[in-house]
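A.B. asks: got a predicted model here, sequence first, then my questions.
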Amino acid sequence: MSIKELIKKNLNKGKEAITDEEKVPYNEEIDEISKVNPWVLWLGGWVIFVIGGVIGFAACKLF
């Protein structure tokens with residue numbers, strides 16, 4: 001069996017797994033996480049960035 005045949009076989013396996021819903025169990029936790037508002041993530045990112053900046057600035061002034 002050549003490499004090309006192996007690749008084609010594996011690609012077909014991947015397509016089957018994606019289209020066949022029985023092979024991919026539904027996970028409610030993942031569904032809930034994906035419903036998080038993007039603004040919450042954006043705001044959280046900025047809050048962490050600002051806190052990091054304050055800590056970094058304080059560290060530079062103290063040491």
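C.D. replies: Thanks, I have it. Residues are numbered from 1 along each chain as shown.

A.B. asks: tell me, how many residues neighbour residue 63?
C.D. replies: 5 (other CB atoms under 10 Å). For the C-beta atoms, the positions are set from N, CA and C on the backbone; glycine is no exception.

A.B. asks: do you know how far it is from residue 52?
C.D. replies: Look at residue 63 and residue 52: by CB to CB, to the nearest Å, they are 16 Å apart.

A.B. asks: could I get the buried residue list for stretch 51-62?
C.D. replies: By neighbour count on 16 or more other CB atoms under 10 Å, the buried set for stretch 51-62 is empty.

A.B. asks: show me the shaky parts of this structure.
C.D. replies: Counting by pLDDT under 70, the chain contains low-confidence residues at 1, 10-27, 29-34.

A.B. asks: can you pull out the helices in it?
C.D. replies: Per DSSP state H, the chain carries helices over the ranges 3-19, 28-33, 38-62.
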